[in-house]
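heads up, no residue letters with this:
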């Protein structure tokens with residue numbers, strides 16, 4: 001069984017052989033499927049099968065709509081997603097959520113830890129380097145906000161996957177996203193300024209990160225075996 005990385009790399013390489021118009025449609029399918037909260041392996045295997053259909057249609061010199069038997073590509077993808085979801089149980093999905101959460105926490109906390117030490121070293125020298133991760137209000141706020149913001153970004157990407165936007169609409173969406181990011185960063189800066197000396201607790205980084213990394217690899221292994 002191919003690994004997830006092999007499936008994704010093979011897909012990205014093979015789709016370059018499509019015509020420009022079909023590649024644009026296929027890119028929309030990729031975004032919709034990967035943002036639809038189905039298991040990663042199911043998503044990648046379906047995308048590979050769909051890519052094979054696209055390539056076969058091009059070889060036969062027929063349109064994708066004719067080959068798939070429908071002009072509603074988004075509706076076709078939605079039916080596939082609904083079919084996959086109907087076969088899932090809560091435990092199998094929970095493993096995927098745990099995998100993503102462990103990876104996200106590892107990245108966010110590693111960045112915060114490095115930032116804390118760089119600031120301390122620049123201010124007080126190498127003697128201030130610490131193996132303890134300081135959990136501050138701003139870190140807690142980041143962890144609270146990152147989940148809804150990530151879900152919002154995924155939903156937004158899925159929503160626009162098959163839409164044709166005018167230049168004006170694209171500009172408006174860009175500024176809306178820019179404004180949201182400014183608010184997010186501004187909130188973090190404000191909390192940092194108001195509570196910059198507040199430390200809720202500390203935890204040894206050599207305990208925290210190995211635990212998160214172990215959880216990620218175990219859950220990822222379970223996903224590969226499903």
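Okay, I see it. Predicted, not measured: the structure shown is a model, and the values here were computed from it.

how about the helices in this structure?
Ranges of helices in the chain, per DSSP state H, are 4-14, 20-34, 40-59, 64-68, 73-86, 90-124, 137-159, 167-194, 205-225.

average pLDDT across the shortest one?
I take that to be helix 64-68. Helix 64-68 shows a mean pLDDT of 85.

got any ranges where this structure has weak pLDDT?
1-4, 165-166, 224-226 (pLDDT under 70).

domains of it?
By the assignment in automatic domain parsing, the chain contains the domains 4-86, 90-225.

any idea which of the ones you listed is most buried?
Across the domains of the chain, averaging neighbours per residue (mean count of other C-beta atoms under 10 Å) puts domain 4-86 on top, at a mean of 15. Placement of C-beta: from N, CA and C, glycine included.

Determine how far it lies from the middle of the whole chain.
18 Å (C-alpha atoms, centre = their mean, to the nearest Å).

same thing with stretch 150-170?
15 Å.

again with stretch 190-207
How far stretch 190-207 lies from its chain's middle: 26 Å, per C-alpha atoms, centre = their mean.

just stretch 118-138 next, same as before
29 Å.

contact partners of that stretch?
Applying C-beta atoms under 8 Å, 6 or more residues apart in numbering, the external contacts of stretch 118-138 come out as 109, 112-113, 116-117, 188, 191-192, 195, 198-206, 208.

distance between the ends of that stretch?
17 Å (C-alpha to C-alpha, to the nearest Å).

Kindly report the same for stretch 55-75.
21 Å.

who's in contact with that stretch?
14, 17-19, 22, 25, 28-29, 32, 53-54, 76, 161-162.

Stretch 8-19 too?
For stretch 8-19, using C-beta under 8 Å, 6+ apart, the contacting residues are 2, 23, 26, 27, 30, 44, 47, 48, 51, 54, 55, 58.

So what would you say the end-to-end distance of it is?
End-to-end for stretch 8-19, by C-alpha to C-alpha: 20 Å.

now stretch 10-23
15 Å.

that older thread, from the contacts of stretch 8-19, which is closest to residue 89?
Nearest to residue 89 among the contacts of stretch 8-19, counting by C-beta to C-beta, is residue 44 at 20.3 Å.

Hmm, that closest one is touching residue 7, no?
Yes - the pair residue 44 / residue 7 is scored as a contact, 4.2 Å apart, by C-beta atoms under 8 Å.
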